[in-house]
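Engineer: make a model of this:
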Amino acid sequence: MSESRLIKNKKILVLTNYDIGLYKFRKALLEELIRLGNEVYISLPYGDLVPDLEKLGCKFIDTTLERRGMNPVRDIHLYRQYSGMIKKIKPDLVIAYTIKPNIYGGLACRRSRIPFAANITGLGSAIEGGGMLRKLVLTMYKIGLAKAKVVFFENEGNRDILVNAGVVKKEKTYVLHGAGIDTEEYPLLPYPPEKPVRFLFVGRIMKEKGVDELFEAMTRLKAEYGDDVILDVVGMFEEAYQKQTELLHNNGTIVFHGYQQDVKPFYEKAHCVVLPSYHEGMSNVLLEAASCGRALITCDIHGCMEAVEDGVNGYLCKTKDADSLYNAMKQIIELPLIEKERLGHAGRKRMEFMFDKKQVVAETMERLCNE
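Structural biologist: Predicted structure coming up:
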């Protein structure tokens with residue numbers, strides 16, 4: 001696409017709920033928008049990485065936002081904040097990420113007749129879980145996205161759910177390969193020694209990440225292989241999992257490391273990254289691990305399975321099935337080291353070919369311009 005057709009010298013307002021996610025996964029897009037002479041404003045709650053976002057050239061707007069829960073009565077304050085900043089800034093385009101910015105940002109843009117692009121980075125438990133909350137969120141999405149010029153999705157499954165529910169028309173949607181992966185930032189790493197075989201889980205320790213099945217499978221594998229198999233767990237736990245996590249760490253079933261700002265050293269030690277999640281937008285953990293040349297095990301759901309060609313760069317298991325997960329992990333353990341490496345190298349090639357961040361940014365820019 002000719003650079004002369006790209007969005008240049010405009011006011012762009014970006015709405016999201018978290019500084020870390022914006023900096024880590026959308027930094028390249030922000031840099032491209034700024035490179036093209038755009039004035040970029042970012043609206044989100046203050047966090048440790050806000051100064052880094054400002055160093056990129058972004059103008060920060062501190063915004064009060066409750067990331068969890070959906071309560072239209074309480075959240076009306078967020079809508080008023082968005083309406084106020086839109087009235088003050090008069091942006092040429094608003095780009096939103098995550099559920100509340102998508103809904104309430106879309107409503108504010110609709111009222112002000114400002115071009116609006118939404119990004120569905122995952123449907124979350126509100127929609128995936130069903131019930132009255134699902135109906136509420138789908139209804140609010142339908143209202144919020146009604147005038148969006150484009151709605152980006154990170155996988156076809158999420159797109160199809162909202163299209164089939166009548167929330168958005170398919171011709172207004174575009175499926176990206178997630179946020180993409182910077183293969184230079186996550187380079188191919190040398191493979192670790194053959195033993196012990198190290199699995200790695202990176203994520204919040206919660207039911208929807210499949211940790212019940214993971215802990216069950218690991219307990220069985222530990223009984224069979226002893227010290228020849230290790231599961232490193234990186235991330236914080238939900239309160240309901242505190243006692244279980246500490247118990248499994250203390251008895252040697254897992255090695256719990258808590259939250260880590262830099263995960264690369266853990267990718268380097270791992271033979272295989274495991275994510276038995278129930279639902280994802282697009283798992284950045286899987287993309288990062290594959291880019292580093294690590295085999296993957298994940299569930300056969302949209303948002304996870306896109307990163308894996310079964311048997312080529314890892315294995316797909318059934319969702320909520322500890323036996324299926326156990327069998328996939330056992331396959332990795334039994335593979336010779338050279339075969340584990342082959343899986344990892346195939347994953348790296350898949351990232352370079354399908355998920356390169358430069359390609360994702362280019363597609364995003366083109367779609368924003370074309371709509």
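
Engineer: name the element Ser43 belongs to?
Structural biologist: For Ser43, the host element (DSSP states H and E) is strand 39-44.

Engineer: and the following helix or strand past that strand, what does it pack against?
Structural biologist: For strand 39-44, the succeeding helix or strand toward the C-terminus, using DSSP H and E, is helix 50-56. Where contact means 3 or more C-beta pairs under 8 Å, 6 or more residues apart in numbering; DSSP states H and E, helix 50-56 is packed against helix 19-35, strand 59-62. Quick note: C-beta positions are derived from backbone N, CA and C, even for glycine.

Engineer: so what touches stretch 222-232?
Structural biologist: For stretch 222-232, contacts defined as C-beta atoms under 8 Å, 6 or more residues apart in numbering pick out 195-201, 214, 218, 221, 252-255, 257, 266, 269-270, 274, 333.

Engineer: could you do stretch 46-56 as well?
Structural biologist: Stretch 46-56 has contacts (C-beta under 8 Å, 6+ apart) with 18-20, 22-23, 27, 30-31, 34, 42, 44, 60, 62.

Engineer: mind listing what's buried in stretch 6-21?
Structural biologist: 6-7, 11-19, 21 (16 or more other C-beta atoms under 10 Å).

Engineer: can you show me the helices along the stretch 51-200 of the chain?
Structural biologist: Using DSSP state H, counting those that start in this stretch, the helices of the stretch 51-200 of the chain run over residues 72-89, 99-112, 124-128, 131-144, 156-164.

Engineer: on that earlier part again, narrow the contacts of stretch 46-56 to those that are buried.
Structural biologist: Listed as buried from the contacts of stretch 46-56 are 18-19, 22-23, 27, 30, 42, 44; burial here means 16+ other C-beta under 10 Å.

Engineer: can you list the residues you listed in JSON lines and add distance to His279?
Structural biologist: Listed next are the buried ones among the contacts of stretch 46-56 as JSON lines, based on distance: C-beta to C-beta, whole Å:
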{"residue": "Tyr18", "distance to His279": "19"}
{"residue": "Asp19", "distance to His279": "24"}
{"residue": "Leu22", "distance to His279": "22"}
{"residue": "Tyr23", "distance to His279": "24"}
{"residue": "Lys27", "distance to His279": "25"}
{"residue": "Leu30", "distance to His279": "27"}
{"residue": "Ile42", "distance to His279": "27"}
{"residue": "Leu44", "distance to His279": "24"}
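
Engineer: of those, closest to Ala307?
Structural biologist: Lowest distance from Ala307 to the buried ones among the contacts of stretch 46-56 (C-beta to C-beta) belongs to Lys27, with 20.6 Å.

Engineer: ok so Gln331 is a helix residue?
Structural biologist: Yes. Checked against DSSP: H, G, I helix; E, B strand; the rest coil, Gln331 lies within a helix.

Engineer: in the sheet, who's paired with the residue nearest to it when sequence neighbours are not counted?
Structural biologist: In this structure, Gln331 finds its nearest non-sequential neighbour in Tyr315, 6.1 Å apart by C-beta to C-beta, 6 or more residues apart in numbering. Beta-bridge partners recorded for Tyr315 (DSSP bridges): Ile297.

Engineer: show me what contacts Tyr315?
Structural biologist: Counting by C-beta under 8 Å, 6+ apart, Tyr315 touches 296-297, 308, 328, 331-332.

Engineer: look up phi and psi at Val14.
Structural biologist: Dihedral pair for Val14: phi -110, psi 120, per degrees, to the nearest 10.

Engineer: in this structure it contacts Ile34, no?
Structural biologist: No. The pair Val14 and Ile34 fails to qualify as a contact (C-beta atoms under 8 Å) at a distance of 11.2 Å.

Engineer: overlap in contacts of those two?
Structural biologist: Counting by C-beta under 8 Å, 6+ apart, the shared contacts of Val14 and Ile34 are 40, 58.

Engineer: stretch 313-327: how far from the chain's middle?
Structural biologist: Relative to its chain's centre, stretch 313-327 lies at 21 Å (C-alpha atoms, centre = their mean, to the nearest Å).

Engineer: can you give me the buried ones in that stretch?
Structural biologist: For stretch 313-327, the neighbour count (16+ other C-beta under 10 Å) marks 313-319, 321-322, 324-326 as buried.

Engineer: now do stretch 265-272
Structural biologist: Those would be 266-267, 270-272, for stretch 265-272 by 16+ other C-beta under 10 Å.

Engineer: repeat for stretch 87-97
Structural biologist: Neighbour-count burial for stretch 87-97 flags 89, 91, 93-97 (criterion: 16+ other C-beta under 10 Å).

Engineer: same deal with stretch 301-316?
Structural biologist: Across stretch 301-316, burial judged by 16+ other C-beta under 10 Å covers 301-309, 313-316.

Engineer: so which of the residues you listed is the closest to Gly106?
Structural biologist: Gly303 (22.3 Å).

Engineer: ok but that closest one is inside a strand, no?
Structural biologist: No. According to three-state DSSP, the state of Gly303 is coil, so it is not within a strand.

Engineer: now it. Nearest residue, chain neighbours left out?
Structural biologist: Gly303's closest residue in space is Glu280 (C-beta to C-beta, 6+ apart), at 3.2 Å.

Engineer: my read: Lys11 touches Lys90, true?
Structural biologist: Yes. Between Lys11 and Lys90 there is a contact under C-beta under 8 Å: 6.7 Å.

Engineer: which intervals of the stretch 201-350 of the chain have sub-threshold pLDDT?
Structural biologist: For the stretch 201-350 of the chain, no stretch has pLDDT under 70.

Engineer: name the SS class of the residue of the chain most remote from its centre, please.
Structural biologist: Most distant residue from the mean C-alpha position of the chain: Glu224, 33.7 Å away (C-alpha atoms, centre = their mean). Of the three states, Glu224 takes helix under three-state DSSP.
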